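Peer 1: what's the 3D shape of this:
(one chain, ligands or ions: 1)
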Amino acid sequence: MSGRNIHVYSEIGNLKTVVLHRPGEEIENLTPDYLERLLFDDIPFLKVAREEHDNFAKILQNNGVEVLYLEKLTAESVECKEVKELFLSEVISECGIEKKEEIEKIKEFLRALPTKAMVDKIMAGVRKKEVGYKEDFNEYPFLMDPMPNLYFTRDPFASIGKGITLNSMRTRTRRRETIFGKYIFKYHPEFKGSNVPLWYDRSHQYNIEGGDELVLSNEILAVGHSERTDKEAILTMAKNIFEAGESFNTVLIFDIPKIRAFMHLDTVFTMIDHDKFTVHPGIEGSLKVTAVTFDEKNKELIMNEEEGSLEKILSKYLKKDITLIRCGGGDRIISGREQWNDGSNTLAIAPGKVVTYERNYITNEILDKYNVTVLSMASSELSRGRGGPRCMSMPLYREDL
Ligand SMILES: NC(=[NH2+])NCCC[C@H](N)C(=O)O
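Peer 2: Below is the predicted model of the structure:
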C-alpha cells in the first residue's frame, strides 16, 4: 500500500486530500446537563447533521478533493491485535475509570466488537448499562464520555509543511480526540512508513489546538494565542519547526481575546486567496502580533512585537498588498451574528475558491463582490457545535502555489 505524505505549505493551495469525521452517535449522547462541558450550544438533529455533512463531503469531492474519514483511518490503524490492545488501554486509561472491575468490563465489551464498530462506539461513548451495570435515572450514565466535537477535525492534529502538531487540547472533553491521530500516524499502513514528523506532542504540558494554526505561506505561519492555545506551546512548536529545517522562517503570534466566541484564530481570521483574508472586525482594534524567528547560530528564538495595522503586518510578511474582507461587512449586528455562526471560518479549496455556510449570506455576498467563488452549504444542525467549514476539515495535502 503506497505511503502517504503530509504536504501543506499554504491555506489556499489546491486541496487534494482532507480528513473529515461524519457526525456519529456521540451527537445523540448530548443532553442539556452536559452541553457546556462538552462545548456545544444545543443538541443537533443527527439525521440532518449527517445530511449536511455528507453535502459538505460532496462539495469537496466534486471539486477534486479526496475525502478520508477519521473513523475509517483509525479502524485501519488498530486492526492488528497488539495495536488494538495498546489503543484500548490508552483510550480507557484517559476516560477517568478508576475501578479495576469497570476497566476490565469496558475493555471486554469493546474488544468483542468488530474493529470499526469498536472505534465508532469509543467515539459515541459507552453507557454503564451497556456493560451490565444498573443506571439510576439521576446518576451519571457514562463509563466513557461521548466525544461530540470529533467532527471538528481541524483541532486535534494540524498539518504544517511535512509534519503535524499532535495537539494537547485545552479541555478534558477534547483531550482523548488526539489519540486517534496518534495511532493513525504511527500505525496506519499508509502513514507509518512516512515517519511524519511531530512538531508538537499531545503529552506536552502547554495547550495548542489546530483552529489556531494557519499556514499563510511556505515561509510564514500564523498562530493564535487564544482561549485554547498557550504562548509557550506556540514557541515550542516554532522551535521544533525551525530546527527541522522546514521552509518556514517566521511564526506570527496573534494575541486575540480569550473568549468562547473567538475560541480559535480561525473563528475570526482565515486566508481565502493569495492576497485576501476574511477577518472579524472585533479583533482588529486590540490585536497584538509578535513575530518569532530563529537565531540559527545560537539556536534561540527571537521575538519582535509588530506595530501597525493588520493589513500592514500581513503585507510586510507576505510581500504583497493585502485585502481584509470584514465578516458581515463590519456592521456590529451583522458581523456579530455571522461571526458567531462561523462567517469568518472559511475553507479555501483553491486560491479564491471557498466553502462557507449559506446562513452567512451577507458575508457570502461580499466575498462574491471580491470575485471569490463561494460554495455555500446548509448548516442549521452542524452550527450547533459552533464550528465552520474550516473547523470541520484537516488538509493532509495541498498543491504548492
Ligand atoms: N477550529 C475551530 N474553530 N474549531 C471549532 C470547535 C468547536 C468545538 N465545539 C469546541 O468548542 O472546541
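
Peer 1: so who does the residue most central in space within the chain touch?
Peer 2: Centroid-nearest residue in the chain: R154, 1.5 Å away (criterion: C-alpha atoms, centre = their mean). Residues in contact with R154 (C-beta atoms under 8 Å, 6 or more residues apart in numbering) are 210-211, 264, 266, 387, 390-394. C-beta here means a position set from N, CA and C on the backbone, and glycine is covered the same way.

Peer 1: which ones are touching the residue in the stretch 151-300 of the chain that the ligand sits nearest to?
Peer 2: Relative to the ligand, the nearest point of the stretch 151-300 of the chain is G211 (2.4 Å; C-beta to the nearest ligand atom). G211 is in contact with 152, 154-155, 224, 226, 228, 263-267, 387, 390-391, counting by C-beta under 8 Å, 6+ apart.

Peer 1: quick revisit: state whether the residue nearest to the centre of the chain is indeed within a helix.
Peer 2: No: applying DSSP: H, G, I helix; E, B strand; the rest coil, one finds R154 to be coil, outside a helix.

Peer 1: per-residue confidence for it?
Peer 2: pLDDT for R154: 98.

Peer 1: distance of it relative to G64?
Peer 2: Distance, R154 to G64, using C-beta to C-beta, to the nearest Å: 20 Å.

Peer 1: show residues contacting the longest helix anywhere in the chain.
Peer 2: Longest helix in the chain, counting residues (DSSP state H): helix 46-62. Residues from elsewhere that reach helix 46-62 (C-beta under 8 Å, 6+ apart): 15, 18, 20, 22-23, 25, 27-28, 67, 151, 349, 355, 375, 377-382, 389, 392-393.

Peer 1: neighbour-wise, give me the winner out of the contacts of R154.
Peer 2: D266 (31 neighbours; other C-beta atoms under 10 Å).

Peer 1: didn't that one look like it was pressed against A222?
Peer 2: No: in terms of C-beta atoms under 8 Å, D266 does not count as a neighbour of A222; the distance is 9.7 Å.

Peer 1: shared neighbours, these two?
Peer 2: Counting by C-beta under 8 Å, 6+ apart, the shared contacts of D266 and A222 are L214.

Peer 1: ok, and the closest non-adjacent residue to the residue located most distally from the centre of the chain?
Peer 2: For the chain, the largest distance from the centre (C-alpha atoms, centre = their mean) belongs to K134, which lies 36.6 Å off. Nearest residue to K134 in three dimensions, chain neighbours excluded: K128, at 7.5 Å (C-beta to C-beta, 6 or more residues apart in numbering).

Peer 1: so who does that neighbour touch?
Peer 2: By C-beta under 8 Å, 6+ apart, K128 lies in contact with 134-135, 141-143.

Peer 1: enumerate the residues of the chain near the ligand.
Peer 2: Within the chain, the positions near the ligand by C-beta under 6 Å from any ligand atom are 39, 149, 152, 154-155, 174, 211, 263-264, 266-267, 345, 385-387, 391.

Peer 1: try 8 Å this time
Peer 2: Contact residues (C-beta under 8 Å from any ligand atom) of the chain with the ligand: 38-40, 148-149, 152, 154-155, 171, 174, 209-212, 228, 260, 263-264, 266-267, 342, 345, 385-388, 390-391.

Peer 1: now the strands for the stretch 51-200 of the chain?
Peer 2: Per DSSP state E, counting those that start in this stretch, the stretch 51-200 of the chain carries strands over the ranges 66-69, 126-127, 142-144, 157-160, 163-166, 198-200.

Peer 1: closest to N298 out of these?
Peer 2: strand 198-200 (20.8 Å; C-beta to C-beta).

Peer 1: what sits up against the closest one?
Peer 2: The contact list for strand 198-200 (C-beta under 8 Å, 6+ apart) reads 160, 163-168, 185, 208, 233, 236-237, 240-241, 244.

Peer 1: so after it, what's the next helix or strand?
Peer 2: As assigned by DSSP states H and E, the chain's next helix or strand after strand 198-200 is strand 213-215.

Peer 1: report the residue ranges of every domain in the protein.
Peer 2: 15-67+147-283+311-398, 75-144 (automatic domain parsing).

Peer 1: deepest-packed of these, please.
Peer 2: Using mean count of other C-beta atoms under 10 Å, the stretch among the domains of the chain with the largest mean neighbour count is domain 15-67+147-283+311-398, at a mean of 20.

Peer 1: how distant is it from the center of its chain?
Peer 2: Chain-centre distance of domain 15-67+147-283+311-398: 5 Å, with C-alpha atoms, centre = their mean, to the nearest Å.

Peer 1: over to stretch 11-31?
Peer 2: In this view, stretch 11-31 has its centroid 9 Å away from the chain centroid, taken as C-alpha atoms, centre = their mean.

Peer 1: and it, average pLDDT?
Peer 2: Mean pLDDT, computed over stretch 11-31, is 98.

Peer 1: measure that stretch end to end?
Peer 2: Distance between the two ends of stretch 11-31: 36 Å, counting by C-alpha to C-alpha, to the nearest Å.

Peer 1: give me the subset of the residues of the chain next to the ligand lying in helices.
Peer 2: Of these, the ones assigned to helices by DSSP H are R174.

Peer 1: so which residues of the stretch 201-350 of the chain form helices?
Peer 2: Remark: helices assigned in the stretch 201-350 of the chain by DSSP state H, counting those that start in this stretch are 231-243, 310-318, 332-340.

Peer 1: give me the pLDDT for the residue of the stretch 1-150 of the chain found nearest the ligand.
Peer 2: When you check the stretch 1-150 of the chain against the ligand by C-beta to the nearest ligand atom, the closest residue turns out to be L39, at 3.5 Å. With respect to pLDDT, L39 scores 97.

Peer 1: and it, what does it touch?
Peer 2: 148-149, 171, 173-174, 385-386.

Peer 1: also G328?
Peer 2: Shown in contact with G328 (C-beta under 8 Å, 6+ apart): 334-339, 343, 360, 362-363.
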